[in-house]
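S.K.: Output the structure for:
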Amino acid sequence: MQGKQQDLPIPGTQQKITESSANLPAAPAQSMSERFMVKVVSEFGSGVGELALTEHQKRLAQNYFMALDAALKLAEEKRLKKSEQYRDLVPITWQNVNMSLLARNVVSAARIGWDALEKNHVHLVPYKNNTTGQYDVGFLPGYRGLELKAEKYALGEPPVVTCELVFSTDEFKIIKKDHENKFDSYTLKVTNPFDRGAIVGGFYYHAYKDKTRNKLVVMSMKDIEKRKPKHASPEFWGGEKDAWVKDEKTGKNKKSGKEKVEGWFEEMCLKTIKRAAYGNITIDSQKIDDAYQVLQQNEVSVREAESQMTYEEEANKDFIDIETGEITKEEEPVTTPENTPPQGNEPPPADIGPAPPEAGGMTSEEADRALMEEEAKIQQRKGRAPF
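M.R.: I've put the predicted structure just below:
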């Protein structure tokens, strides 16, 4: 029996094929945004029975990329401004972000409905994980984020929430539940709407269809101020901060006493009450899902990272405020033409940090910057409250 003949290559054709293949254009490398979306899509489909991303969820994922891209660039600028003695050696860039953990957190936040480009939904805070040597991203919910979370996981029907500040000229009366009154209630009369006086406190009210469940919680100024971060930024709460002037001899900035900052004290007090109101809604344990647990673990990780930060003024340390997402720090500003201290009543110069990328007409005012200190400065220069 004769064996099968094998087809032999025609002389010279193999070399031509190799040369032809070498001349083919290389496949374009994926951009960071494409790699981010691939990771998120993979994470969305990792659960049993999970559906593909909806168009709304895709938009939320894209918004997370844009918001975090701006936050990373801003954090890297701050890192480079520090003296080499206290500067972390690892650049705050996408290449050094824990992408697997980030994708899980993005998926969980998107399932709750948090939008990184909507004000007060969620603040993205990159911080160093000394165990992995990479940067993790803290997802710190704003009061709108807490509201969405409460609505999704509330025990029974979520309440209608009212939050108010009470001023010295207001007439405020509490009606507590007792044998004569079947449910909590209150009356608030504003006697002078154009000059209500000083803030004396505030309250929040949970109203249910079943009025016997209604709940009134009153907060004095002492209650509000004890929730103020230890290292609160004056750009938020008002007060005093270091004044800086340029030293003509050295060309560097130096401290020149203190200066008063008006801040947004009233808005911060109201925001504090709102966080308490939405954070005090009872969660139904039967509604808790993977998304809820992932974000709870993320919050625990951020708290652990915060607890490891020791306040050393000379080290220019950053401080994460778990309740508001504020990043406060003590550091000497870098002298540049853009941040030279203004003279007299001259308005502050434009912000030198990168503006968040625009998406679908989004402006920098609408993007809730993850690094809250910078957001306060931007909004203050535009005459707006950063809330």
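
S.K.: shaky segments in this protein?
M.R.: Low-confidence segments of the chain, defined by pLDDT under 70, span residues 1-29, 44-52, 306-387.

S.K.: Show me where it has its helices.
M.R.: 13-22, 32-44, 55-81, 99-112, 143-153, 221-225, 234-237, 265-279, 290-307, 372-381 (DSSP state H).

S.K.: for these, which one sits closest to Val190?
M.R.: For these, proximity to Val190 was assessed by Cβ to Cβ; helix 265-279 is nearest, at 14.4 Å. Any C-beta I mention is one placed from the backbone N, CA and C, and that applies to glycine too.

S.K.: follow-up on the earlier one: of all the helices of the chain, which one is nearest Asn214?
M.R.: Evaluated with Cβ to Cβ, the helices of the chain place helix 265-279 nearest to Asn214, the distance being 13.0 Å.

S.K.: What helices and strands are in contact with that closest one?
M.R.: For helix 265-279, the packing partners by 3 or more Cβ pairs under 8 Å, 6 or more residues apart in numbering; DSSP states H and E come out as helix 143-153, strand 160-167, strand 199-207, strand 215-220, helix 221-225, helix 234-237.

S.K.: What is the last one packed up against?
M.R.: Counting contacts by 3+ Cβ pairs under 8 Å, 6+ apart, the secondary-structure elements packed against helix 234-237 are strand 239-246, helix 265-279, helix 372-381.

S.K.: rerun at 7 Å
M.R.: Counting contacts by 3 or more Cβ pairs under 7 Å, 6 or more residues apart in numbering; DSSP states H and E, helix 234-237 packs against helix 265-279, helix 372-381.

S.K.: Also the third one?
M.R.: Applying 3+ Cβ pairs under 7 Å, 6+ apart, one finds that strand 199-207 contacts strand 160-167, strand 215-220, helix 221-225, helix 265-279.

S.K.: quick one: contacts of the longest one?
M.R.: Residues from elsewhere that reach helix 265-279, judged by Cβ atoms under 7 Å, 6 or more residues apart in numbering: 143, 146-147, 150, 161, 163, 165, 199, 202, 204, 219, 224, 227, 236-238, 323, 385, 387.

S.K.: in it, what counts as buried?
M.R.: Of all the residues in helix 265-279, those buried under the rule 16 or more other Cβ atoms under 10 Å are Met268, Cys269, Leu270, Lys271, Thr272, Ile273, Lys274, Arg275, Ala276, Ala277, Tyr278.

S.K.: Run through the bridge partners of Phe167.
M.R.: Per DSSP bridges, the residues bridged to Phe167 are Ile199.

S.K.: So what's the residue count around it?
M.R.: When neighbours are defined as other Cβ atoms under 10 Å, Phe167 has 20 of them.

S.K.: which residues sit in contact with it?
M.R.: The neighbourhood of Phe167, defined by Cβ under 7 Å, 6+ apart, consists of Arg196, Gly197, Ala198, Ile199, Val200.

S.K.: Now for Val166: which residues touch it?
M.R.: With Cβ under 7 Å, 6+ apart as the criterion, the residues that contact Val166 are Phe172, Val200, Gly201, Gly202, Phe203.

S.K.: before we move on, back to that, ok, of the contacts of helix 265-279, which come out buried?
M.R.: Buried members of the contacts of helix 265-279, scored by 16+ other Cβ under 10 Å, are 143, 146-147, 150, 161, 163, 165, 199, 202, 204, 219, 224, 236-238, 323, 387.
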